[in-house]
Structure formats: structure tokens, C-alpha cells
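In: the following block contains a protein sequence and its predicted model.
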Amino acid sequence: MSDANVRIPEDAKERLAAIAAAEGLSLRAYLARLAETLLTPAEREARAEQARAALQEWNGYAPSAAEQRDLDAELDRRLERAAGR
């Protein structure tokens with residue numbers, strides 16, 4: 001594993017270190033574990049495609065590009081409302 005210097009605000013570093021310590025981990029170990037739980041944009045896209053393929057095989061779900069845009073817009077609207085924006 002290569003070391004990398006990552007510059008973040010001191011308060012963010014202190015917060016992450018406190019969270020890591022509360023879990024009995026070093027900051028390095030905590031960040032490594034956190035990285036394992038997150039997906040890159042390419043990984044998210046691949047999972048979304050797998051889900052679409054599984055839904056299409058299971059129940060014929062195959063929205064058009066326009067339907068996907070409408071669904072994305074509706075999801076964005078609901079997320080904004082839930083966030084209280």
C-alpha cells in the first residue's frame with residue numbers, strides 16, 4: 001500500500017481521528033475500512049446496469065431513455081424535499 005498525503009481541514013481530520021479512536025482503529029485503518037464500503041462512479045454505474053438487467057429479466061422492466069430521465073427527475077425532487085431544501 002502506498003502512502004499518500006491528503007490535505008484536509010484540521011477539524012475534519014480531528015473528527016475522523018475521534019471516530020476512528022472510538023472504534024478502536026487508527027485513522028489510517030479507519031480510512032482504509034471506509035474506502036472498502038464506498039463505490040467509485042464506475043462501480044455504481046456497473047451495479048446499476050446489473051440491477052436494470054436483473055429487473056428486465058425478472059419482470060420485463062425496460063424504461064425508455066425519456067422514462068429514465070423522468071424517474072431521475074422525480075427521485076431528485078423527492079430527495080430535495082426530504083433534505084428540506
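Out: Received, thanks. Residues are numbered from 1 along each chain as shown.
In: where does pLDDT dip in the chain?
Out: Judged by pLDDT under 70, the chain has its weakly predicted residues at 1-3, 85.
In: how about a cut-off of 90?
Out: 1-6, 84-85 (pLDDT under 90).
In: for it, which segments count as helices?
Out: 10-22, 27-37, 41-59, 65-82 (DSSP state H).
In: A4: which of those helices is closest?
Out: With distances scored as Cβ to Cβ, the stretch of these nearest to A4 is helix 27-37 (10.2 Å). Backbone N, C-alpha and C define where each C-beta goes, glycine included.
In: what sits up against the closest one?
Out: Helix 27-37 has contacts (Cβ atoms under 8 Å, 6 or more residues apart in numbering) with 1, 13, 16-17, 19-20, 23, 25.
In: buried sites along that helix?
Out: Residues of helix 27-37 classed as buried by neighbour count (16 or more other Cβ atoms under 10 Å): Y30.
In: could you export the contacts of helix 27-37 as a markdown table, including neighbour count and distance to A54?
Out: Output for the contacts of helix 27-37, formatted as a markdown table (neighbours: other Cβ atoms under 10 Å; distance: Cβ to Cβ, whole Å):
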| residue | neighbour count | distance to A54 |
| --- | --- | --- |
| M1 | 5 | 34 |
| K13 | 13 | 41 |
| L16 | 15 | 36 |
| A17 | 14 | 40 |
| I19 | 13 | 35 |
| A20 | 18 | 36 |
| E23 | 10 | 34 |
| L25 | 16 | 35 |
